[in-house]
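Peer 1: from the sequence below, what's the structure:
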Amino acid sequence: MRMNFSQTSNRRFGRDREGAIRNLILNKKSMNNNKYILRKKIEFKQQLCVLCAPAPWRDNLTILFLVFFFFFSTVSFASELEELFNPDPDYNTEELSIQTDTDDTEEPHTLIHEDKTENPFRLIYACDTEGHFWFEVFNSEEELLYSGCYDAINLGPHIIVYILTKERAQARGVRRPSTTFTQNRDGGVLQELLIENGYSLPHHRDFTNSGYDRGHIAPNADFNDTYENALATFFIANVWPQTPNVNRVTWLRTENETRMLAAEYLQVKVLIIVDEFSEEKVGNITIPINFKRRIYDLDTGDLIYEIDIYQ
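Peer 2: The predicted structure follows:
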């Protein structure tokens, strides 16, 4: 049977329309399937995240474990501290002291120790060996300027100690007294004590033409806030033979540094020790080997400066 063009076109159009509708239905089903698969993936991921997330009971267990760990660590550390600071009471400790180079039969001589009864930082300077005598120098207002332990065997101060304040260190200095070193700057107390025990003080002239300077131990410049105080340092018990280089350069430098520390710390305690000697003498005065300077912060008791000057 023969068909014209219009009939053929209608049939083809019908088939194409049915195919298009069928494809549309299939595509819709495919899209629904894809949405379903995507929704399942999302649900699976959410479930996975729930499983991975820390549960409240798991957090509580972790915290409880950490609490027990730190508790037992603290108890162990506390027991170690108790053993460290509270040793066995049955354990005997020997008292330590500074011993001089003498026979083992002699008792040890403590030069310096701390008095914990009144002030934990107050230093006490013992002067209890043979031929050693304590002395103090005051001004007319009964202010203690400096004190020391006089070595009547070597004829010089074994120890000199004094407090230096910022005000005195920075005071506008008076002129240096043009005077000699005398035996009575302390009112003659030390001289009388020495005579009673068979000793005596040297004289200013003993140093003349010796090649050594008369080296202040408590320096004039630390007390030149008034002329009277500066004059009190010209005490024969406050001097040792020093070489010109030591007296005018190295020892002078330590004195300047001491005044700088007094200005910084407001008040310091100055300690000078002379306890090593050579075989040489100026008259009857033994020549020291070195001079030891120690500076303490008066408020804390801390040692803030120390130096030994040899000659």
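Peer 1: okay, Asp275 and Cys149: tell me how far apart.
Peer 2: As judged by CB to CB, to the nearest Å, Asp275 and Cys149 stand 10 Å apart. To be clear about C-beta, it is placed using only N, CA and C from the backbone, and glycine gets the same treatment.
Peer 1: wait, doesn't Asp275 sit right on Pro157?
Peer 2: No: contact criterion CB atoms under 8 Å: Asp275 and Pro157 do not qualify, at 10.6 Å.
Peer 1: where does the stretch 101-250 of the chain have low pLDDT?
Peer 2: By pLDDT under 70, the low-scoring segments of the stretch 101-250 of the chain are 101-126.
Peer 1: mind listing the strands for it?
Peer 2: Assigned by DSSP state E, counting those that start in this stretch, the stretch 101-250 of the chain shows strands spanning 112-114, 123-125, 132-138, 144-151, 156-165, 213-216, 239-242.
Peer 1: kindly reformat those as a markdown table containing distance to Asp206 and mean neighbour count.
Peer 2: Below are those laid out as a markdown table (distance: least, CB to CB, whole Å; neighbours: other CB atoms under 10 Å):
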| stretch | distance to Asp206 | mean neighbour count |
| --- | --- | --- |
| strand 112-114 | 29 | 13 |
| strand 123-125 | 26 | 14 |
| strand 132-138 | 19 | 18 |
| strand 144-151 | 15 | 22 |
| strand 156-165 | 11 | 22 |
| strand 213-216 | 9 | 21 |
| strand 239-242 | 9 | 25 |
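Peer 1: including distance to Asp186, could these go into JSON lines?
Peer 2: Shown next, in JSON lines, are the strands of the stretch 101-250 of the chain (distance: least, CB to CB, whole Å):
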{"stretch": "strand 112-114", "distance to Asp186": "22"}
{"stretch": "strand 123-125", "distance to Asp186": "17"}
{"stretch": "strand 132-138", "distance to Asp186": "5"}
{"stretch": "strand 144-151", "distance to Asp186": "9"}
{"stretch": "strand 156-165", "distance to Asp186": "12"}
{"stretch": "strand 213-216", "distance to Asp186": "15"}
{"stretch": "strand 239-242", "distance to Asp186": "14"}
